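K.L.:
what follows is a predicted structure for the sequence shown.
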Amino acid sequence: MEQNYFLLGTLVTPLVGAIVALVFAQSNRLQRSIGVLAGLIAWVFCTALLVQVHSSGVQIYALGNWQPPYGIVLVADALGGLFAFMVTTIMIGGLLYTFHSHDKCMTYPAFVPLFLLMEVGLIGAMLTGDLFTLFVFMELMVLASVSLTAISDDQYGLEAALKYILISSMGTLFLLLGIGALYATFGTLNMAEIAVTLVTGERPLLAPASAIMLLCAFLLKSAVFPFHFWQPDFHTTAPTPISAMLSSIVVKVGVYGIFRLVTLLFIEEAPLLERWLSTLGIIGILFGSLGALRTYNAKRMLAYSTFAQIGFILVGIGWGQPLALVGAIVYAFNHAFIKSSLLMLMGVVASFTTTKTANFADISGIGAKLPPTLGWLVLIGGLSLAGIPPLNGFISKLTLIQGGVEREDWANLIIMVAAGILTVMYMVRAWQRIFQQNPAPGTIDTKDEGDSLFAPFLLICVCLLLGTVLAEPMVQLISETVRQLGDPQIYISAVNLPSQGP
Amino acid sequence: MTEVLFALSIGILFGIGVFQLLRRDLIKAAIGFAILFSAINLFFVAAGAFEGDFAPYVSNVEAGRQTSDPLIQALILTAIVVSFGSFSLVLGFVNIISRRYDTVDSDDINKLKH
């Protein structure tokens, strides 16, 4: 099997970028440029990788040329490539935001290297073909994001970071326990090799238990209902670009892991897992939408909204048939773009206030003193999140609901459409309170200069382009991805295990 | 017999770890976190400790003796590094929190609750 160097490049570029940025710790400006540059190069590699995956099949890279099953392999199949592409694209937005930001925490020499290490963790988790490496990359991502939140300008960042690291470590422990159980039963950690054994229908004692443990760990990473309580605090107190990344792509790592569980590893248990996922997703939709309605802070509202949107994706996975899976991936893709740009926009609004707060009581009516473009972008993003027709949220809701109609699951469909209306309510209400009212007496003073609008503007443009003009090629690309997911043999044969012949 | 002892000690360590993690004192919670990670590492040891009694990759392998699984050791080393990293990060956070809030009682560190 040929070694694919784009695959290695996607993973190594941000890592090298982090090291180089640490070397130039003296100059903050230079560090930020290195960050953006590393993000761009990783994006180019990842785009080339995605093109290759779709033109010539699954790409692998055996680290150190140790062939599987003995060595660690990086595998980019259609799903992993697509998710890594999403991560690198949005990461550019986040790194660009740091360029024109006035937050104090971004002047720390460790900020850009940690940001890039978070990208390494995200990309690595999505492109590895080895379960233990998946654990290491996930932990790298968690440690980097926790450190970034702890140094946030928000005074409660540290408290939220401690809360999250204790909870997340518990999740990590269960992930490790599940991986240990799989190793004890199958004697390998290569996902393809485990899948080969599982697909024969053989079920050793520990296999179903490890499926549950892995599922719980992934659910915790995506903040789904029983494991959600840390999420609004953690996502609200993080520095703006970090909270945009956390709420859009970091939660998608869990979604990616669940996709792998139900389509590659535990296909036989999938109906059982999917029933659970639907139920948890519906609870998430209800709780997240209602929580977003009655919260007191604009960023917190968006964090609750993420909770609901992940619920939509899980219900899509829970329906399980190809059309619903297409809906779930389109939804995950669109949500990542909209949510990251909306959180950055709210960060820009907060950066114009003297205390950098996004509490509705303090910022209602300050829109008159802000750049007018900001208000329109927030409105477009909000309507797009709710899925109003010409905007890109519509295409994701449409594909997902088609999947539900095919499955004839009317009760869940009604709840989902109703939650869409709730989304319109809380987004438009937030927009009105900030940009349409006259300044209230309690409103906080504004500064003349805030963060730049450039990064969120760029991300909104990209997502509008993807969701409207390029909607059809995108849905086709994702349908092709789901078709490949439906046949785990494509993934398994690409890894080229010796037991199966050349 | 060894398997039973291993299983018992993993279980006891897990119990102690979870109990400590749920304590109100954040330092005790951090220690519980370290104990939990040792429980997991012991679980990994148990996954490969009872097959083979001979060190792998040595030149003179004696006939009739099975080598032990080297991958387990590599995994545990990595897991120890990762857990050490998170443990020191937790301790660092607790240190700063104890100075900022003048307490390590998690009930009093509740500024996020509005």
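P.N.:
Received, thanks. Predicted, not measured: the structure shown is a model, and the values here were computed from it.
K.L.:
chain A contacts on chain B?
P.N.:
Listed as neighbours of chain A in chain B under the rule C-beta under 8 Å from any C-beta of the partner chain: B:21, B:26, B:29, B:33, B:36-37, B:40, B:43-44, B:46-48, B:71-72, B:75, B:78-79, B:82, B:85-86, B:89-90, B:93-94, B:96-97, B:100, B:109, B:111-112, B:114. The way it works is simple: take the backbone N, C-alpha and C, and place the C-beta from them, glycine included.
K.L.:
next one, pLDDT for residue A:149 please.
P.N.:
Residue A:149 carries a pLDDT value of 91.
K.L.:
contacts only, for it.
P.N.:
Residue A:149 sits next to A:157, A:160, A:161, A:164, A:234, A:237, A:238, A:239, A:242 when contact means C-beta atoms under 8 Å, 6 or more residues apart in numbering or on different chains.
K.L.:
check the residue in chain A positioned nearest to chain B and give its pLDDT.
P.N.:
Across chain A, no residue is closer to chain B than residue A:184, which sits at 3.8 Å (C-beta to the nearest C-beta). At residue A:184, the model reports a pLDDT of 85.
K.L.:
count the neighbours of it for me.
P.N.:
18 (other C-beta atoms under 10 Å in any protein chain shown).
K.L.:
before we move on, which element is it in?
P.N.:
Using DSSP states H and E, residue A:184 sits in helix A:157-186.
K.L.:
buried residues in that helix, which are they?
P.N.:
Applying a neighbour-count criterion of 16 or more other C-beta atoms under 10 Å in any protein chain shown, the buried positions in helix A:157-186 are A:157-186.
K.L.:
what is the helix or strand residue A:315 falls within packed up against?
P.N.:
Per DSSP H and E: residue A:315 is located in helix A:298-319. If contacts are counted by 3 or more C-beta pairs under 8 Å, 6 or more residues apart in numbering or on different chains; DSSP states H and E, helix A:298-319 sits against helix A:231-237, helix A:251-260, helix A:270-293, helix A:322-351, helix A:392-407, helix A:410-431.
K.L.:
avg pLDDT for stretch A:483-496?
P.N.:
For stretch A:483-496, mean pLDDT rounds to 83.
K.L.:
from the chain's centroid, how far away is that stretch?
P.N.:
Here stretch A:483-496 shows a centroid-to-chain-centroid distance of 24 Å under the convention C-alpha atoms, centre = their mean, to the nearest Å.
K.L.:
now the residue nearest the centre of chain B. Nearest residue, chain neighbours left out?
P.N.:
When C-alpha atoms, centre = their mean is applied to chain B, the residue found nearest the centroid is residue B:37 (1.6 Å). Excluding its sequence neighbours, the residue lying closest to residue B:37 (C-beta to C-beta, 6 or more residues apart in numbering or on different chains) is residue B:83, at 3.8 Å.
K.L.:
residue B:97 and residue A:150: what is the separation?
P.N.:
Distance from residue B:97 to residue A:150, counting by C-beta to C-beta, to the nearest Å: 10 Å.
K.L.:
out of those two, which sits in the more crowded spot?
P.N.:
Comparing residue B:97 with residue A:150 by neighbour count (other C-beta under 10 Å), the higher total belongs to residue A:150, at 23 against 20.
K.L.:
remind me what the helix holding residue A:184 packs against, helices and strands.
P.N.:
Secondary-structure packing of helix A:157-186 (3+ C-beta pairs under 8 Å, 6+ apart): helix A:131-150, helix A:191-199, helix A:206-221, helix A:231-237, helix B:26-48, helix B:70-101.
K.L.:
and the angle from the fifth one to helix A:206-221?
P.N.:
On the basis of axes from the mean of the first three to the mean of the last three C-alpha atoms, to 10 degrees, helix B:26-48 is oriented at 150 degrees to helix A:206-221.
K.L.:
same for helix B:26-48, what does it pack against?
P.N.:
Using 3+ C-beta pairs under 8 Å, 6+ apart, helix B:26-48 is in contact with helix A:157-186, helix B:2-21, helix B:70-101.
K.L.:
buried sites along it?
P.N.:
For helix B:26-48, by 16+ other C-beta under 10 Å, it's B:26, B:28-48.
K.L.:
angle of the helix holding residue A:184 against helix B:2-21?
P.N.:
Relative orientation of helix A:157-186 and helix B:2-21, computed by the same axes, to 10 degrees: 170 degrees.
K.L.:
correct me, but residue A:62 touches residue A:5?
P.N.:
No: at 12.0 Å, residue A:62 and residue A:5 do not qualify as touching, with contact defined as C-beta atoms under 8 Å.
K.L.:
in chain B, where is pLDDT below threshold?
P.N.:
Residues of chain B meeting the criterion pLDDT under 70: B:49, B:59-64, B:113-114.
K.L.:
how about it: which residue is closest to chain A?
P.N.:
Closest residue of chain B to chain A, C-beta to the nearest C-beta: residue B:47 (3.8 Å).
K.L.:
related to what we said a few turns ago, TSV please, covering the helices and strands packed on helix A:298-319 and showing mean neighbour count.
P.N.:
Shown next, in TSV, are the helices and strands packed on helix A:298-319 (neighbours: other C-beta atoms under 10 Å in any protein chain shown):
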stretch	mean neighbour count
helix A:231-237	27
helix A:251-260	25
helix A:270-293	20
helix A:322-351	27
helix A:392-407	21
helix A:410-431	17
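K.L.:
sorry, back to before: how far out from the middle of the chain is the helix holding residue A:184?
P.N.:
18 Å.
K.L.:
between helix B:70-101 and that helix, find me the angle.
P.N.:
Using the same axes, to 10 degrees: helix A:157-186 against helix B:70-101 is 160 degrees.
K.L.:
tell me the angle of helix A:157-186 relative to helix A:131-150?
P.N.:
Using the same axes, to 10 degrees, helix A:157-186 lies at 180 degrees relative to helix A:131-150.
K.L.:
do you know how far residue A:450 is from residue A:34?
P.N.:
According to C-beta to C-beta, residue A:450 and residue A:34 sit 24 Å apart.
K.L.:
to clarify, my last question referred to residue A:196.
P.N.:
To residue A:34, residue A:196 is 42 Å away according to C-beta to C-beta.
K.L.:
which one's more surrounded, those two?
P.N.:
Of the pair residue A:196 and residue A:34, residue A:34 is the one with more neighbours under other C-beta under 10 Å, namely 24 against 21.
K.L.:
did I read that right, that one in a helix?
P.N.:
Yes: checked against DSSP: H, G, I helix; E, B strand; the rest coil, residue A:34 lies within a helix.
K.L.:
got the contact list for it?
P.N.:
Residues near residue A:34 by C-beta under 8 Å, 6+ apart: A:17, A:20, A:21, A:24, A:112.
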